[in-house]
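Q: sequence plus predicted model, see below.
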Amino acid sequence: MAASIRRSRISRISESFKIAISEIWRQTPGKAALVLFILLVAMAVIAVVTITPDFLVKWESASYWEDNPVVVPPCWVNSLGYKTAKTAQIYFTTPSSMEVSESETRYIYTYNYTLDVNEAPKDLYVKAEVPLLCEEGVFKAPTMRVTVERPDGIVVLAWDMVIEPGKTGENVTLTCGSLLSAKTSKETFRLAEVTSAIMDKYNITVPPEIAGANETYVITANSIVRTTIRTELENKYLTILSVFVKPISYKISLNRNTTILEVFSKQINNLKTTFLDLGINIVLRDKIIEALDKAANNITWVINNINTVTYTDYLIAMNNAYENLNNVNKLALAASAPVDVRSSVDDLTKTLGKFIEVATTTPSLIQPEIVFDVLQGDYRVNVTITYYGVKKPPRALSAKIGIIVKGGCYGILGTADKGVDIATVVLYGTPIALAIGFATAVASVFIGVIAGIISGYYGGFIDEAIQRTVDVLGNIPLLPILIIVGSVAQRTFTGEAKSLYIILTYIGILIIFGWGGTAITVRAMTLSIKEEPYIEAAKALGASNTRIIFKHILPQVLIYAAAVLVFNVPGAIITEAGLSVLGLRHGWPTWGSVLSSARAENRFDVWWWILPPGLMLSLTSLTFVLLGLAIERIVEPRLRTL
Amino acid sequence: MPGAGSVILRRGLILLVTFVIIVIVVAAIVEGTGYSKDIYEAMIREIVNGEVMALRRGGNITEVFIEQYKKNRTHQLRVEFELIDENGNEIPPYRRMWSLVYRSLLFNFTKTDKVGVANVVPTVAPADVASIIAAVLPRTILVVTVGEVIAIAIALLIGPRVAYRHGSLADRFTVAYAAIITAVPLWWLAMIFIQVFSYNLGWFPRDLRGVATVLNEFWNNPLNNFVEILRYITMPITAFVIWSLGSWLYGLRAMLLRVIREDYVMAAKARGIPEKLVTRRYVLRVSLAPVITSVILALAGSIGGMIITESVFNWPGMGTLYYAAIQEGDSMTLLALTIVYVGVYLVARFILEILYIIIDPRVRVR
């Protein structure tokens, strides 16, 4: 008997629920609200099912997102005319191929990357976790070589490193099969080899008409060019990105400015006058003058032939001038010339020596101008793990190799600072937002309904007390209270559950201040229902207060309460987000926290950072406003005409 | 009007009691959780360290003396800040909080040494918290009042037109606009504004902090500074107006629809009174009182929304001060802001209620 009554009650409730839904569905805003609501719930369910337990704790640490490019737009922007390199984060657990020979075993992991835009990726690195193999009790640590086959045919050996057991950490005892980890870096990148490969491939050499005939000087000139290219790649392409560039034009010229030569020649002539005026040994003086003349002639020769001179001839002449000046130095000493004269000869010699040194080590005389550009096309990254002297290599190596190319775009919503994937946070923010909204709304409406019914039904002292409390609460602005209590909570709570407690504190405050409005309306409704004749009839039949409240008053109030509840949901969500934006962060991945980090980094220029979380907030809010309006129209048929 | 006087007096009293209650509750919270104790301990450490540094610079002082001095001075200051009594016993929070309540009611706050907080004015740290708040408060009031007045003016202009054409395209558009814009957080709208108008179009400054200097030196060159202020204030006010207009239009429209159907409006129309006159005398005049009521009810929401929005714009008002205090962990400023905010809100509410009583004769009679 009791069971059948309960069943019929359940079926009645589900029946009226169905009617309510179809009523909502009949209205256009209601239809939109229901669709949006279902989408939100679907997102929340997906998030709850897929979330990993450590996400809530780790999502704000940069290491969690280390493979993501920082502040890049979503990848679909490429179809809007943006040009961004794609991001690849490939993790291998089985090698693409394997080569076994007498002495070594090679496991090769291959990844093909296509660069189809004129923008180099932001980073390239390889992460490896490889096992330490054993051969008759001897540990065999592998080496890792990373080569990149470029579209222009160059095969760049970017990294060649030994994966040392020591790098796993100090307190780790090694056993056979324990994993060693390694990550390639800028410091270990073989930039010299890449530079040489590029120079060879694109025939970047100093032309003979500039370099001249002397083999040593040709080598010197070319090494200056090499250093220049290297520096350029190091600074402009952050070393590693040199993998993705090619020279599109180059010009190597000789500095044909004669100003400094003229200064040299003038100073030599000055010395000559000085020596002519000196009263020193006449024989030595003549020799000195002769040597100075020779030096002056050497330099004048360069000045006269400046437009055709080669690097070799230039430097030979300068070297000769240097030798002659050195000679002058020695002769001046022998002739015991005055100290100041000798020191000026010495200074000039040193300056000339410096000039020659600079000319042979820096791009001061040889001036290369090389313009690089991104090399588009198909790249093949090969990671080779080689073990030496392992006789029985395992077929399936339990290694994990990650090849990461950080491009200029990421995922479906892009990334924020620290490489935070906005799509992930927006998805995982959904259930948190809904939970905050519903918890607050349900609790405050619950309290409001109870307080309102009690206040209206029993009246008297209780009524007065509740009404005055509502009055005082209604006079208090919510935000400053939330802020001060929030910052107290931030300082008071510690430990792992800190974030949860802070959010619960917000919810608590919102509930305390949120039930008043409902209580007032429910009280008014109760007062009018109380006067209805059927209540009097029920009382006359001996119905208890509880029965009247639950049987006659509550059902009528509940429909109204449902509308209020739905209206109240977005308030708490937006308040929580607002507090995050104001700097009161709790540490959970919410929509507000994404906007808060945009505020903290002052990056309101990044649309993909501020649009998605804000749109989610607005859409959620809109969903419940529309839903509330639809329910309200069912509850209050008079509103339909308004 | 004896009736009006007593009503005003009663409302004032209720609001005053509310203020005292809030101050007591806030004091209880900050004292009970040890939050304020942290503030005082930090201040005492700072004072003592400063004095010890000065002593050391004086030279010729033994470490033993310094240790002794530190100990004595810390004790002395703890007594001064009422953390402990004369005998060195800790004063329990439920007794300590009353001195905090007393000082808060007198708006007597200490100094802050946080540079970020002082920069909002801008002034040099350490600065008096009360004077910092006194400097930034008018800037918030300026934006909220001007924004609110513009929004009401536009709503009063558009509202009746829409209400008369009930069911028309303009009417439906208004309702849709209201539903959508109230769903959007004002401070997010502000972010979009900064992106579009400051970054993409370059019409306005990206950061409105600079308005502080212009406002502080306004009288040096009033005309020029007025134009400069417009450049800064346009974005926050426009955002505020666009946002608050939604609820204004919706509320006013509903109110007018109710009044328009009243018999006396029909009768006025039937008498051949021009529609404009009917609107002004018979409809708007009556709707005004409920409009004020909704201003009062929406006040907390609009000030609150503007506080967060200000911090987004970096408009150097209360919101930005809040942001700075939170970033710097400046508890004293946060506490002072709470008290002042509540106080200002209650005063604003009181003023509006007086206005309400003046406009609505029914209250006076009651």
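A: Structure's in. What do you need?
Q: can you pull the phi/psi pair for the residue minimising distance to the centre of chain A?
A: Using CA atoms, centre = their mean, the residue of chain A that lies closest to the mean C-alpha position is A:Val70, 2.1 Å off. The phi/psi pair for A:Val70 (degrees, to the nearest 10) reads phi -100, psi 130.
Q: any idea of the pLDDT on it?
A: Per-residue confidence (pLDDT) for A:Val70: 88.
Q: and if you look at A:Glu170?
A: Here, the pLDDT recorded for A:Glu170 equals 56.
Q: quick one: the residue of chain B most remote from its centre and B:Lys71, what's the gap?
A: Distance to the chain centre peaks in chain B at B:Asn60, reaching 52.2 Å (criterion: CA atoms, centre = their mean). Distance of B:Asn60 to B:Lys71, computed by CB to CB, to the nearest Å: 20 Å. All C-beta spots, glycine's among them, are computed from the backbone N, C-alpha and C.
Q: now swap in B:Leu297 and tell me
A: Taking CB to CB, one finds B:Leu297 at 55 Å from B:Lys71.
Q: ok, the two, which is more surrounded?
A: Counted by other CB atoms under 10 Å in any protein chain shown, B:Leu297 and B:Lys71 do not tie: B:Leu297 has more neighbours, with 14 against 11.
Q: and that one, what helix or strand is that in?
A: helix B:285-313 (DSSP states H and E).
Q: mind listing what's buried along that helix?
A: B:286-293, B:295-296, B:298-313 (16 or more other CB atoms under 10 Å in any protein chain shown).
Q: what do you get for stretch A:522-532?
A: Within stretch A:522-532, the residues that count as buried by 16+ other CB under 10 Å are A:522-523, A:525-526, A:529-530.
Q: what is the mean pLDDT for that stretch?
A: Stretch A:522-532 comes out at a mean pLDDT of 87.
Q: so which strand or helix has A:Val341?
A: Here A:Val341 sits within helix A:339-361, counting by DSSP H and E.
Q: that helix packs against which elements?
A: helix A:215-236, helix A:259-277, helix A:311-334 (3 or more CB pairs under 8 Å, 6 or more residues apart in numbering or on different chains; DSSP states H and E).
Q: now residue 217, nearest residue through space, not along the chain?
A: Defaulting to chain A. Among residues not flanking A:Tyr217 along the chain, A:Thr312 sits closest, at 4.4 Å (CB to CB, 6 or more residues apart in numbering or on different chains).
Q: the intended chain is chain B.
A: Nearest residue to B:Glu217, sequence neighbours excluded (CB to CB, 6+ apart): B:Asn225, at 7.0 Å.
Q: equivalent analysis for A:Ile610, please.
A: B:Met191 (4.8 Å).
Q: which residues of the stretch 151-300 of chain B lie near chain A?
A: B:179-180, B:182-185, B:187-188, B:191-192, B:194-195, B:198-199, B:206-207, B:254, B:257, B:300 (CB under 8 Å from any CB of the partner chain).
Q: can you list the weak-confidence ranges in the chain?
A: As the question left the chain open, I've gone with chain A. Regions of chain A meeting the criterion pLDDT under 70 cover residues A:1-9, A:166-173, A:636-642.
Q: that was the other one, I meant chain B.
A: Checking chain B against pLDDT under 70 turns up B:1-3, B:361-366.
Q: where along it do the strands fall?
A: Remark: strands assigned in chain B by DSSP state E are B:111-112, B:127-128.
Q: A:Ile401 belongs to a strand?
A: Yes: under DSSP: H, G, I helix; E, B strand; the rest coil, A:Ile401 sits within a strand.
Q: correct me if wrong: it contacts A:Asn382.
A: No: taking contacts as CB atoms under 8 Å, A:Ile401 lies outside contact range of A:Asn382: 10.7 Å.
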